[in-house]
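# Structure of the sequence below:
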Amino acid sequence: MGSRIKVESPLVILHGDEMAQVAFEELLKTFVTSRLDIELKEIDLSAENRLVTNGKAVTDAIEALREYGVGIKNAGVTVNRAQLDELLAKHPEIDESSLDPLAIKSPNGAIRKGIGGNITREDIQFRNIEVRRPDWIGRDIEVDTMNNGGIKDSFNELSRATGIIKLMFVGSSGDPEELHRREIKKDDPLLLATNHTADIRSWAHQFFRRAIGEKRDIYLGLKDTVIPGYDGVMRSIIEDVYRKDYRQQVEDLGLRFHYELIDAQAARIVSNPPERALWGVPDNTTGRKLFKLVNQLKLHGIPTRRAHVSISRMSAGGGDQYGSYNAPAKEDGIVKVVVDGVERHARHVKKGDPMLLMSNDRIAIKNWVSQVFRDASRKEKEVYFGLKREYMEYDDVFSNVITEVRRELAKQHTPPPSFMIMRPSSQLIKMITDPPRNALYPSQNLDGDIFSDISAALGGSLATASSIIESKDGTLLFEAPHGTAHDLYVKYKESGGKEAHFNPSALIYAMGNALETLGELEGNEELAEYSGRFKKALKDTVADGIITADLKGKTTDPDSEKVVDMYGFIEAIQERL
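Numbers count the residues shown, from 1 in each chain. Below you'll find the model as predicted:
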């Protein structure tokens, strides 16, 4: 081909893991380095490199994004206990006790907080994708959740002072021990949730007995990778009950037990529901939302989606469960919340009880709401907020900020977009069962993960959506909302690289968006034109019926579909480009 397009601005490239990384490297080679004269600032964010650098790879990524302003991030593994043990065995020189949390936790939250960025996830508008809705009406699926404990029975309020919030613990010694501290400002929301191990164990027995009595396959969903000291503790207790008391009965009846991260499991159950199942969601705020959604789906089903769905996730403040302190209690005792030297709450906990302390930053919340309104106004979207204002003081701040931002826009003679405030369960139900043509659904981190995965799965595939992280100062990080495709990577490795079954569409779109942004920022018309053709080539390829296996049967003309592997898909895009 001819000379490469000269690009003045560097582009930050954050590498990841497994099958997504195989695709990422192929895409960079085919569509970036071979066609553009561009400087790439590459950082290895793989799970192994985060470990061996003791988290420095994450801080390097944050610094690079702050300096250069535009980046692309690939999916990376958030290690569970078994995966961490494998990595530690591979690197015996590493002392686990000396590891920084950034070495083993998900880098996503740290990067979002580091650049002050919030996430907008949108469907890629393929013109010929028409997913066949699963028959949900009358579907025999029940949702079971804990009735007590957790966030439902939390202590939550808006801080009455600016200072330090401390989580204190008084055990058998009688001396107060500081478990955690963080800065907090007046009117910042804070929350303490705990769960008793005895209650978790009791719920687990009831849950498995019900599944066996009703002869249902068993699904369990938590977020143990991101909240290991809370959801991870619950998972461990529940699975221990299953192994000791119920596994043999379940297997003898020919039933199956499935554990999966709650966002991935929600997407799978909603978009490809089992015939008969009991879905256990121990976290009661998430459980109630999904319970109500499933009941609505059983009554009304899922309509054909003709709407473009956008989800904005509030992540910059490090708020909700993702920015929490979470850990099991080391012994029986009393846990206390102290704000600016004043004790605000105390409660008893027993050894092993999971504890979660979370707070959020009012300034970050205001920046997010302002960003939501800006995005909605620019793209003429309706906004649907989901808040639990009736019984959650924690959510009052969001309501107050929405009113504040709305008034400020009015003073600037800038009318805010059309918006509504509803309960999070109603927000989720509307997004799935009654989506308007062009809507934006703002949510906090955990809800955002669940909503995003469900919406993406109903849009065709987790690979048919784009994701943008935008900070107040204009830093932009483009990424694919899907994970690393571990199962596909296992097949790829076992086949010696011959079975490359992976849909790279979301990564392609992230690349196209990043290059388009660089073109706009530096007034590079040739780059902007190339990035536009790049994204169009992707849509044209799918429009011509050339698809990867995850989209089989999901186009408007299934008979003309040609299913190819990842390399065949990339080659088809290259031909059209």
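# in the stretch 1-150 of the chain, which spans are helices?
Taking DSSP state H, counting those that start in this stretch, the helices of the stretch 1-150 of the chain run over residues 18-27, 47-52, 56-68, 81-90, 101-104, 107-115.
# Hey, what's the angle from the longest one to helix 107-115? Just curious.
Regarding helix 56-68 and helix 107-115, their directions subtend 40 degrees when assessed with axes from the mean of the first three to the mean of the last three CA atoms, to 10 degrees.
# Not counting its neighbours along the chain, what's nearest the residue nearest the centre of the chain?
Residue closest to the mean C-alpha point of the chain, counted by CA atoms, centre = their mean, is Asp449 at 3.1 Å. Nearest non-adjacent residue to Asp449, counting by CB to CB, 6 or more residues apart in numbering: Asp263, 4.1 Å away. Where C-beta positions appear, they are placed from N, C-alpha and C, glycine not excepted.
# For whichever strand or helix holds the one you found, what is the distance to the chain centroid?
Secondary-structure element containing Asp263, defined by DSSP states H and E: helix 262-271. Its chain's C-alpha centre and that of helix 262-271 lie 12 Å apart, by CA atoms, centre = their mean, to the nearest Å.
# Could you give me the buried positions within that helix?
Ile262, Asp263, Ala264, Gln265, Ala266, Ala267, Arg268, Ile269, Val270, Ser271 (16 or more other CB atoms under 10 Å).
# now do stretch 62-74
Neighbour count says stretch 62-74 has Ile62, Ala64, Leu65, Tyr68, Gly69, Val70, Gly71, Ile72, Lys73, Asn74 buried, by 16+ other CB under 10 Å.
# cool, stretch 18-38 as well?
Quick answer for stretch 18-38 (16+ other CB under 10 Å): 18-24, 26-28, 30-32, 35-36, 38.
# Tell me the one of the residues you listed nearest Ile454?
Of all the buried residues of stretch 18-38, Ala20 has the smallest distance to Ile454: 20.3 Å, by CB to CB.
# what's the residue lying closest to that closest one once chain neighbours are set aside sitting at in phi/psi?
Counting by CB to CB, 6+ apart, Ala20 lies nearest to Ala75, which is 4.3 Å off, once chain neighbours are set aside. Backbone torsions of Ala75, given as degrees, to the nearest 10, read phi -70, psi 140.
# And the pLDDT for Ala75?
Listed pLDDT for Ala75 reads 94.
# what's the answer for His308, then?
63.
# now do Ile302
Note on Ile302: pLDDT of 87.
# Checking it next. Helix, strand or coil?
coil (DSSP: H, G, I helix; E, B strand; the rest coil).
# now the closest residue in space to it that isn't next to it in sequence: how far from Leu428?
Nearest non-adjacent residue to Ile302, counting by CB to CB, 6+ apart: Arg133, 4.5 Å away. As judged by CB to CB, to the nearest Å, Arg133 and Leu428 stand 17 Å apart.
# Tell me which of those two has more neighbours.
A count of neighbours by other CB atoms under 10 Å puts Leu428 above the other of Arg133 and Leu428, at 26 against 13.
# Spell out the residue ranges of the strands in the stretch 351-500 of the chain.
Applying DSSP state E, counting those that start in this stretch to the stretch 351-500 of the chain gives strands spanning 354-359, 382-386, 419-422, 438-444, 465-471, 476-479.
# quick one: contacts of the first one?
Contact partners of strand 354-359, identified using CB atoms under 8 Å, 6 or more residues apart in numbering, comprise 159, 165, 167, 179-180, 182, 184, 188-195, 197, 227, 229-231, 233-234, 319-321, 323-329, 335, 337, 349.
# For that strand, buried residues please.
Pro354, Met355, Leu356, Leu357, Met358, Ser359.
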